[in-house]
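Enquirer: Dropping the sequence and predicted coords here.
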Amino acid sequence: MTDLNRVVLIGRLTRDAETKFVQNGQAVCKFSLAVNRKRKVGDQWEDEVSFFDAVLWGRQAETLSQYLIKGKQIALDGELKQDRWEQDGQKRSKVEIVVNNIQLLGSSQGMGGQGGGSYPQRTENSQSGGNWGGGSRPQQPPASSNEGLSDHFSDDIPF
């Protein structure tokens, strides 16, 4: 059996994303994500928050960094990567999510509902071959199921 390293999360950004360029000119965008879950303690349900650091590389990092602002809800698909180093004689390590696919969801908290909608993206380096978001116009039902409905519904649906 082969090993599997895959993470799928939906949460909100805890800070604005920071984008830098490495020596070869490739963009790298770093951000942090808060994910809430409900947990029952006794008779009460309590929120439990987990925080995750994530990194997005390449063209997506350049394009999406301007939209990755504090409070924005996102969905991401990626893999865990552990970095190890030594600092002041002590061994350290950090686990972060290397993002393969990302989708912006809804609006940011505190933005008064503005900026809604999603911005589906497909990564160039996606190993899974999946396409998040679709973004295509909904399929029309077969003509036979539309019989008698043309008086009530317009074919010019604005989405």
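Expert: Yes, it's here. What you see is a predicted model; the values in this text were computed from it and never measured. Numbering: from 1, shown residues only.
Enquirer: Which stretches in this protein count as strands?
Expert: With strands called from DSSP state E, the chain shows them at 7-13, 18-21, 27-41, 44-57, 73-87, 90-105, 119-120.
Enquirer: my read: Ala27 touches Arg59, true?
Expert: Yes: with contact defined as CB atoms under 8 Å, Ala27 counts as touching Arg59 (7.3 Å). Bear in mind the C-beta positions are built from the backbone N, C-alpha and C, glycine included.
Enquirer: And those two? Which one has more around it.
Expert: Legend: neighbour count by other CB atoms under 10 Å for Ala27 and Arg59, higher for Ala27 (18 against 14).
Enquirer: per-residue confidence for that one?
Expert: What the model reports as pLDDT for Ala27 is 94.
Enquirer: Please report the distance of Gln87 from Asn24.
Expert: As judged by CB to CB, to the nearest Å, Gln87 and Asn24 stand 26 Å apart.
Enquirer: that older thread, nearest to Gln66, of the strands of the chain?
Expert: strand 18-21 (8.7 Å; CB to CB).
Enquirer: tell me what the closest one is packed against?
Expert: Applying 3 or more CB pairs under 8 Å, 6 or more residues apart in numbering; DSSP states H and E, we find strand 18-21 packed against strand 27-41.
Enquirer: Next, the buried residues of the strand it packs on.
Expert: 27-33 (16 or more other CB atoms under 10 Å).
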